[in-house]
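Asks: Any chance you could fold what I've pasted below:
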Amino acid sequence: MTLLAFAVSMLLVIIVISAYSGIRGVRPDFAFGYFRIAMPFAIGVGAVVLVISLTMEIRQYRQAKALASIERAA
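Replies: Next up, the predicted model:
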C-alpha cells in the first residue's frame, strides 16, 4: 500500500508540476515533488496501513484465542 500510494502521488505530482511549469514557463523541479509531497504522503499512508494491519492482527489473534478456549471447554 505504501509503494502504491507513493507511485500514485508521484504520478500526480509529476502531472501537476509539469502543467504548472508549462503554464508559468519555468523549469520543473521534480525533486520538490519527490521530497516535499510524495515521500511524506507515502510515509503517512504507510503509518496508517501499519496501524490498521496491527489492529486487524490483534483482533484475529484474540478471536482465535477465544475460539480455542471454547473448543477446549466443550
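Asks: Now do the contacts for the residue nearest the centre of the chain.
Replies: Taking Cα atoms, centre = their mean, the centroid of the chain lies closest to V45, which sits 2.6 Å from it. Taking Cβ atoms under 8 Å, 6 or more residues apart in numbering as the contact definition, V45 lies against 1-2, 5-6. The C-beta positions use only the backbone N, C-alpha and C, and glycine is treated the same way.
Asks: again, only using 7 Å
Replies: V45 makes contact with 1-2, 5 under the criterion Cβ atoms under 7 Å, 6 or more residues apart in numbering.
Asks: pLDDT-wise, which helix or strand of this structure ranks last?
Replies: Within the chain, judged by mean pLDDT, DSSP states H and E, the helix or strand with the poorest mean is helix 30-32; its value is a mean of 89.
Asks: next structured bit after that helix?
Replies: Past helix 30-32, further along toward the C-terminus, the next helix or strand under DSSP states H and E is helix 39-73.
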